[in-house]
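Participant: Here is my input; please provide its structure:
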Amino acid sequence: MQRTTIIDALSSTELDRLINVRGWVRSRRGNKQISFIALNDGSTIKNIQIVADLSKFSEEQLKPVTTGSCISATGMLVKSEGAGQSVEIQLTELEVYGTANPEQYPLQKKGLSMEYLRTLAHLRPRTNTFGAVFRIRHHMAMAIHSYFHQHGYFYFHTPLITESDCEGAGQMFQVTTKDLYRLKKDEQGKIDYSDDFFGKQTALTVSGQLEGELGALALGKIYTFGPTFRAENSNTPRHLAEFWMIEPEVAFIDKKELMDIEEDFIKYCVRWALDNCKDDLEFLNQYVDKGLIQRLESVVDTEFVRLPYTEGINILQEAIRNGKKFEFPCNWGDDLSSEHERYLVEEHFRRPVIMTDYPKEIKAFYMKINEDNKTVQGTDVLFPQIGEIIGGSVREESLDKLNAEIERRQMDTTNLWWYLDTRRFGSAPHAGFGLGFERLMLFVTGMQNIRDVIPFPRTPKNAEF
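Facilitator: Here you go, the predicted model:
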């Protein structure tokens, strides 16, 4: 018999018919006459109740049906007399696919900590919380592709293996086929990569932006969406070594137009979650973050503040003078920390902020420098709970100015000749931004740790599963 997903069974209006559902048992309870099985197949946060008449099924038949076991249940879909569900299934046929020993299955108890569940990343998607999170993750990915497709962008695939360090930080994971116990070195004692697979030193990408700019300067509007890697020893609730990035690049736009895109895009994604993830969001709102839905709705319904960095610093310093305590300093020229960003968003303006015109010393070499020669046309979107969720800028299109900034920073351009060629041959004004997918997921789900919005987190000293 063809399987019916539980989400379809629960919404069905065709009652008193035979259907088949398959999934994992969440619980079984009952008495001497009847047994109630709560079954979930991952299609929805909600379970379907299966009612087994013990005059038709022996205790021996039902004994393997324990929490965590996988079963196929066939029966009549009928109106439910009990509270909490509109329909249920009166069991007529049962098949057990896989058992789960109650003494060994680790998801028996309720109230397991997030830290403990991270050690069970292979099983935690079966819990209500992580089932909800990963369904929402799917919908957010669909929202991203949908937005850019509707607005005429092309999905541009940038390489995961590269020789260029986009951010200039040098915190990259090396890619090599060399025998690390017998490294060939040159006369200066440096590693000789001539016999390596690519014939040169390569690493996992920290960003697809530079290659994305090449796409925009040929196709007009592109976006990338893929994994990126940072070998940064950060053990915080906001950092991962492997995470997903969305990086659109657009030709022929200025700073104002860039900020308009950033605001429109992120509102579209949040609205998509509210429209398509109602059951999961209601669950997370009840059990994880009781202000979640209200916060999501407030972002969709409000206009973002456009705030120059210098003005933001003045606001923060005024707050300090009025008794506000910050852990880190916030003088002009400092890179703002999350506590500063969240103060502006959550306490001062009480809505999202797009901060602009940062000091050039704290931003990347490719950002367009303003006429004051002190600040750049950066555009960072700051969100409640998160702090920075988007980092963007107008890119410097002048070859002379870009070269001057590279020289001032004493950067090695050996691996950037192709990037500079785009300024040499038909350069054009362009801008773009990067959005960390997991940062977006933190905001949309209300989860507190970035390790809990990606199926298998990669962090320092942790590469299990």
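
Participant: Lowest-scoring secondary structure element of the protein by mean pLDDT?
Facilitator: Within the chain, confidence by mean pLDDT, DSSP states H and E is lowest for helix 59-62 among all helices and strands, at a mean of 91.

Participant: what's the following helix or strand after that one?
Facilitator: Toward the C-terminus, helix 59-62 is succeeded by strand 70-79 as the next helix or strand (DSSP states H and E).

Participant: Skipping its backbone neighbours, what lies nearest the residue of the chain most remote from its centre in space?
Facilitator: Computed with C-alpha atoms, centre = their mean, the residue of the chain farthest from its C-alpha average is S55, at 49.6 Å. Spatial nearest neighbour of S55, chain neighbours left out: Q33 (7.5 Å); criterion: C-beta to C-beta, 6 or more residues apart in numbering. The C-beta positions use only the backbone N, C-alpha and C, and glycine is treated the same way.

Participant: mind checking how far that neighbour is from N47?
Facilitator: As defined by C-beta to C-beta, to the nearest Å, Q33 lies at a distance of 21 Å from N47.

Participant: what do you get for S164?
Facilitator: Separation of S164 from N47 (C-beta to C-beta) stands at 50 Å.

Participant: before we move on, what about I34?
Facilitator: I34 sits 17 Å away from N47, going by C-beta to C-beta.

Participant: between those two, which one's more packed in?
Facilitator: Remark: of I34 and N47, N47 carries more neighbours, 21 against 13, as counted by other C-beta atoms under 10 Å.

Participant: Next up, the contacts around that one.
Facilitator: Taking C-beta atoms under 8 Å, 6 or more residues apart in numbering as the criterion, N47 is in contact with 6, 26, 38-40.

Participant: Same question for N314.
Facilitator: Residues counted as contacts of N314 (C-beta under 8 Å, 6+ apart): none.

Participant: Any buried residues in the helix or strand containing it, and which?
Facilitator: Secondary structure assigned from DSSP H and E places N314 in helix 309-321. Buried residues in helix 309-321, defined by neighbour count with 16 or more other C-beta atoms under 10 Å: 309, 312-313, 316, 319.

Participant: Could you dump these into TSV and include pLDDT and distance to Q294?
Facilitator: Rendered in TSV, the data for the buried residues of helix 309-321 read as follows (pLDDT from 0 to 100; distance: C-beta to C-beta, whole Å):
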residue	pLDDT	distance to Q294
Y309	98	29
G312	97	25
I313	97	30
L316	97	26
A319	96	25
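
Participant: Pick out the most distant pair among those residues.
Facilitator: Largest separation among those by C-beta to C-beta: Y309 and A319, giving 15.6 Å.

Participant: Quick check: P460 vs R118, distance?
Facilitator: The value you get for P460 to R118, if C-beta to C-beta is used, is 14 Å.
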